[in-house]
Each structure stands twice: as structure tokens, then as C-alpha cells.
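Student: This is a predicted model, with the sequence first.
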Amino acid sequence: MLAVQAREAGGPEVLDVVDIPEPEPKPGQVVVRHEAVGLNFIDTYQRSGLYPVKFPLVLGQEAAGVVSAVGEGVTRFKAGDRIAYAGTTGAYAEAQAVNAARAVKLPDGISAEVAAAALLKGMTAEFLLRRCYPVKSGQTILTHAAAGGVGTILVQWAKALGATVIGTVGSEEKAALARAHGADHVILYRTEDVPARVKEITGGQGVPVVYDSVGAATFEMSLASLARRGTYVTFGNASGPVPPVPPLRLMQGGSLFMTRPTMGDYQATTEELDESAAALFQVILSGQVKVEIGQRFALKDTRAAHEALQARETVGATVLLP
């Protein structure tokens, strides 16, 4: 079957289209015939070597499709079920064998494309907003990359929770997209003073939480935008990892909190996975969150998709179609 693998650490040029054997399910696994595959920044982190992996490696962390084979002992799914998964490397392929305990069934009304576009990003937004720092109605929050795949979902979900949302973006085009998804205030972080604008919007107080997937480029402005005892949630490295932070820096900023979460720690059990996915599907089906698929690439054109993602040329989510 067709797959896309990184032969070594490097830029998009290390991605090759290859022919690999069809998977067979081991005990506890199901084989998913993919209908859509998600593209995420974590794929670029693994490809570049920022997140160490063993090469050559078929990349990709999420996909949706139909169960084509069931391994011994699996009772959670049966052949023909529509399912999706996130967090299992190897999705850049026409099919993959995955642990049944780490996949979720798709409800009616959620297409394979929407699931592949939204599962990893949407469950990331779920744990960030509901569990990492539980956002309350009436709060004003700041999120960077408000027009990105996670950002557009996070903005809408935060609005559904009753928050006022400040979003940063890199262009006027992306500002319009962030506003269209409900952002109350949009700041062009390349040309505007983000902390000054945040303080202006919040009457000099700052925000109780900043959600930052950009990393190095937005680190200082994020800390400077926080209110006293605010929480800095750094969950991505699109511009590179944040620098080491001396504890005294957090004290000097106003007794700040800082966390670097990963989805796996918020979905340590199948029950947590199911609850997170159910919450995501509910807000999508209710219309409170609309999933923006900005780009579609053929699976064989994954290299071009990586180039577009890293050049910040994408809006919303990107899916790869086998």
C-alpha cells in the first residue's frame, strides 16, 4: 500500500512516497482503512528531529476510516465500524493497525474528513480549556495562532464556555478568519505590541491564561500579557521551543504558573479518551464549533503539505486524502 515516510531527520525533502505491506492486526488491534488523514505540527517536529524518533518512519498521528480487520480479543469495534484515532504514529498510509483502546467510534453526523481534521486538534482544545486551565464564563483569555488548526477550534470552544477571546495572528487574512470564528479581539503579533494591547483590552489587568502553540517567538509577549498569578500554557513549538525559564522569572512576572502539557497525559486511560472525544463531537454536532478544513492534499503530495504548513500558508486544518 502507499505510505509516506521520513527517511531521516530534516526538512520536507526527506519525505518519500513508498510501498509498504498491508498491516495485519495483532491481538488488541484493529486495522483502519483510511478515508482521511490529519496533518499536525507534531508531524513536523518528528520529521525535523526536534522530537527524537527512529528513522525511517511513516509519520502522521491521526486518521479516520473504516475497520477492515479485527484482532484477537477486540470487543470494542467490529469490521465496518467508522472510527478515528489520534496519537498513534504511522497515519501517513492507506491503512494502519492501531490499538483498539486508543481509537474512538464516530457518531452519525461526523464525517471522516471532519474527524481527521479535528480529533487531535479538538481533543487538544478540550483538555486545554476544560482541564489544563479550566476556563470560566466571563474570563478574558489569550490564544496565539488563533487562525490555525487548534486555534480556530479553541476560539470557538472558549466562546461556547462564555469567555472573551483575544487572538493573535500573523496577517490581515488570518485576522479575518479568527474574527469569523468568534475572536472578540485580534492582534497582529508581528506589528503590534501584544502585551500593551492585552492590557488595554483588560483594563490593565492582563489575562488569567495564555494558550501558546507558537513557542519561542511569542514566549516573552505571553508572559508579559498575564495577570498576577496567571497561567502560561505552552503546548507547541511552531517557531521553535521556548527557552529555559528560571523559576525567579515566574515570580518576577507576578507569581505566574507555567505548564507544558501533552495530550497523552490528559488521556492516560481509554475512559479519558472517550470522554474527551465525546465532548468534542458534542460541540461539533451542536454547531458551537465548526471545523475549518482549509486545505486538502492527496496523500502522495504530503511533502507539499508540510511545506505549506511550515511556511504558515495554511488556514484552519489540513487533511491528506489516500
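Tutor: Alright, I've got the coordinates.

Student: sec struct for the spatially most central residue of the chain, please.
Tutor: Of all residues in the chain, the one closest to the mean position by C-alpha atoms, centre = their mean is Lys121, 3.0 Å from it. Using DSSP: H, G, I helix; E, B strand; the rest coil, the secondary structure recorded for Lys121 is helix.

Student: so who does it touch?
Tutor: Gly38, Asn40, Gly149, Val150, Ile153, Ala317 (C-beta atoms under 8 Å, 6 or more residues apart in numbering). For glycine as for every other residue, the C-beta is placed from the backbone atoms N, C-alpha and C.

Student: and these, which are buried?
Tutor: Those of the contacts of Lys121 that meet the buried threshold are Gly38, Asn40, Gly149, Val150, Ile153, Ala317, by 16 or more other C-beta atoms under 10 Å.

Student: list the contacts for the last one?
Tutor: By C-beta under 8 Å, 6+ apart, the contact set of Ala317 is Gly38, Leu39, Ala117, Ala118, Lys121, Gly149, Thr152, Val291, Glu292, Ile293, Gly294.

Student: That one and Ile293: what is the separation?
Tutor: 5 Å (C-beta to C-beta, to the nearest Å).

Student: re the thing from before, mind putting the buried ones among the contacts of Lys121 into JSON lines with pLDDT and distance to His181?
Tutor: Shown next, in JSON lines, are these (pLDDT from 0 to 100; distance: C-beta to C-beta, whole Å):
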{"residue": "Gly38", "pLDDT": "97", "distance to His181": "19"}
{"residue": "Asn40", "pLDDT": "92", "distance to His181": "19"}
{"residue": "Gly149", "pLDDT": "86", "distance to His181": "12"}
{"residue": "Val150", "pLDDT": "91", "distance to His181": "12"}
{"residue": "Ile153", "pLDDT": "95", "distance to His181": "8"}
{"residue": "Ala317", "pLDDT": "86", "distance to His181": "12"}
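
Student: Just the ones in helices from those, please.
Tutor: Gly149, Val150, Ile153 (DSSP state H).

Student: Contact partners for the nearest residue to the last one once chain neighbours are set aside?
Tutor: Okay, so that is Ile153. Leaving out its chain neighbours, the residue that sits closest to Ile153 by C-beta to C-beta, 6 or more residues apart in numbering is Ala125, at 4.6 Å. If a contact means C-beta under 8 Å, 6+ apart, then Ala125 has Val150, Ile153, Leu154, Trp157, Leu280 as its contacts.

Student: Going along the chain from the helix or strand hosting Ala125, find the next helix or strand for me.
Tutor: Using DSSP states H and E, Ala125 sits in helix 112-127. Sequence-wise, the next helix or strand downstream of helix 112-127 (DSSP H and E) is strand 140-143.

Student: From the centre of this structure, point out the most distant residue.
Tutor: Distance to the chain centre peaks in the chain at Glu72, reaching 31.8 Å (criterion: C-alpha atoms, centre = their mean).
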